[in-house]
Structures are given as C-alpha cells and as structure tokens.
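S.K.: return a 3D structure for these sequence lines:
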Amino acid sequence: MTEKTRKTILLAYGAVLGAFTVTVGALLIWQVLSLYFAGKASAGGQIFSRANVSAALGKIAPALWLWLALAAIGFGVGAAFQTSRKAARQDVRYTLYRLKNRLPKSGATPQGALGEAAKSVRREETVLKILWLCCGAVALASAVYAVVYLANPAHFPSRVSKENVTAEMLDMVKRFIPCVTWTFLFACCIGIYERLSAKKQLPEVKKLSAAYKSGEIVSEMNGQAPQGFGAKLEAKAQNNKFFTFLSKAFNFFRRYGKTVARAATGCFAVAFIIAGIFNDGARDVLIKAVNICTECIGLG
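M.R.: Predicted structure coming up:
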C-alpha cells in the first residue's frame, strides 16, 4: 500500500470519527437541556437524579456505544496504517509572505507571463481582503448586538429580585451562540481558503521572485515613480502640513497598526472587567459558580 493511500484512509477515518464525535456531543447536550427543562416544568424532585440521567443516556445509548467502538477501532487503524513521519514543513503562508517581501513594492506592471502572474496574485489578495472585511463586519455586528442586549436592564430583572438567574443566563446563551458560531465558522472557512490561496499564489510569486533576482522586473521598473497611497501622501506632504500629518499617521499605522489594535483590545477588556466589578457583576458570577460547583459534587 502506498503512502498516499494510507494517508487517505487515515484522513477519511478521522473525518468520520470527528463528525460522529460532534454528533454525540450534540446529543448529550440535547439530553441535558431536555432534563433541565422537564425537571423545571414539573418543579418536583431532583432534576439530575440517577434514574433521570440513566433514562436520558438510554435514549442515546446506541450512538454512545458506536462512538466508543469507533474510537477503539481508531487505535488499530492508526497502528495498521501508520505513515512515515517527515520533518515538519514550514507553513506555506509564511513562505509566501517572505517571498512577497522580496518583491519590489512599486513600479510598472510586468508584461507577458509575468504580468499574468502578478494579476493573479493581486486578484487573490483582493479576494482575501474582501473576505476578511466581511468577517470583521459579521464580528462587529455580533459584538454590537451583544452590547445592546447586555446594556438593556429589561433582560436581567433578577438583578433586583435574584430569581430566575439560570433562565436568564440560558436565554442569553441561546441568543449569543448563533452569533459566535457563525463568526467562528466564517473565520475558519476564510483560514482554510487562505491556505489554499497561498498554495495557488506560491508558484506565481516564485516566478516573480526569480525574475526579480535575474533583473528582468527591475529593468522594467527603472525610472518609474513610486506608486501607492503612501507614496501619493508623501508627494503631497512636501508643500502641505495637513498631508504631512496624514503621511506620518499612515506610515505609523502601517508599521504599528496591529500593535495598536491589540493594545486597544486589551484596554477595552480591562475596562469592561473593572466596570463589571463596580457593577456587582463579580458577586453574581461568584454566587453562580458556587451554586454550580456545590450542585455538581453533591454538596448542595
């Protein structure tokens, strides 16, 4: 059996086991929620008693046993179809990033086959930028929705009465899970596409890099004025203080933009934590954690 066939079998088995694991997890969550709401509706006895839990697990017992069997078979499959381990290869996206940094940043567009390669690379870069902007818009919309929901006192009447805290938390989670799930899945899909796009761009960028080293692209770019938004700002900044400020700000954010964004996110997180402490949020979290822990280990 060839190495490629063994890898294909292991990949297919891993996909099946992963999908079945997610399914079994969803079934377990469904049974827990069913028990909770059924126990709450009857308002009698202990919700998660041994009899109730046994009955709930009995409903999904075939799926659980099948999952355990697949997991056990996995050890045998992994041993029988073990592939030879190779040295870890560098991420193709990092390789692409390093090659792109070696290319000239401005100048005339190459002609012929090199021109087509440059257009293909720019097209992939544009698609990725649009996808990440859409992902950012989805994340921002989800964050705005969460802030608006949390800022509405009508959604949390238990802050005064100290009743139905669990129901409010469940309702909040039910509203937030779709937003977080779609944003996470969107980002994961873009990450997968980004890797595929990097593999597609790499041969084209290698062609451009080889042409740049041989002097073919440099000869086409001699005498050309720098292009791009930053170059235009620098050209206008020579006689205008306002454009001088814009040019400096643009260069600063181009160089330190990620660091500024991370620092701002950290400051917002600390600010929200402090606001929660002064708003008695820490006390509510502590009480809820104590209740959950004592109920879980049977002290409550």
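S.K.: can you give me the helices for the stretch 51-200 of the chain?
M.R.: With helices called from DSSP state H, counting those that start in this stretch, the stretch 51-200 of the chain shows them at 61-80, 92-102, 112-150, 158-161, 165-214.
S.K.: which helices and strands sit right next to the last one?
M.R.: Using 3 or more CB pairs under 8 Å, 6 or more residues apart in numbering; DSSP states H and E as the contact definition, the elements that helix 165-214 packs against are helix 92-102, helix 112-150, helix 216-221, helix 281-296. Any C-beta I mention is one placed from the backbone N, CA and C, and that applies to glycine too.
S.K.: ok, now which ones touch Ala141?
M.R.: Cys179 (CB atoms under 8 Å, 6 or more residues apart in numbering).
S.K.: so it versus Tyr193, what's the distance?
M.R.: Relative to Tyr193, Ala141 is positioned 21 Å away (CB to CB, to the nearest Å).
S.K.: so which of the helices of the stretch 51-200 of the chain is nearest Val270?
M.R.: helix 112-150 (16.4 Å; CB to CB).
S.K.: and that closest one, how far out from the chain's middle?
M.R.: 14 Å (CA atoms, centre = their mean, to the nearest Å).
S.K.: can you list the low-confidence ranges for this structure?
M.R.: 1, 39-46, 80-90, 104-114, 158-164, 215-243, 245, 247, 250, 294-300 (pLDDT under 70).
S.K.: show me it divided up by domain.
M.R.: 1-86, 91-225, 228-300 (automatic domain parsing).
S.K.: give me whichever of the ones you listed is most buried.
M.R.: With neighbours taken as mean count of other CB atoms under 10 Å, these reach their highest mean count in domain 91-225, at a mean of 14.
S.K.: using PDB, list the CA coordinates for stretch 167-175.
M.R.: Extracted C-alpha coordinates of stretch 167-175, given in PDB (Å, rounded to 0.1, in the frame of the first residue of the first chain):
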ATOM      1  CA  ALA A 167     -33.300  31.100  33.000                       C
ATOM      2  CA  GLU A 168     -31.800  34.500  32.100                       C
ATOM      3  CA  MET A 169     -28.400  33.000  31.500                       C
ATOM      4  CA  LEU A 170     -29.800  30.300  29.300                       C
ATOM      5  CA  ASP A 171     -31.700  32.800  27.300                       C
ATOM      6  CA  MET A 172     -28.600  34.900  26.900                       C
ATOM      7  CA  VAL A 173     -26.500  32.000  25.700                       C
ATOM      8  CA  LYS A 174     -29.300  30.900  23.300                       C
ATOM      9  CA  ARG A 175     -29.200  34.400  21.800                       C
END
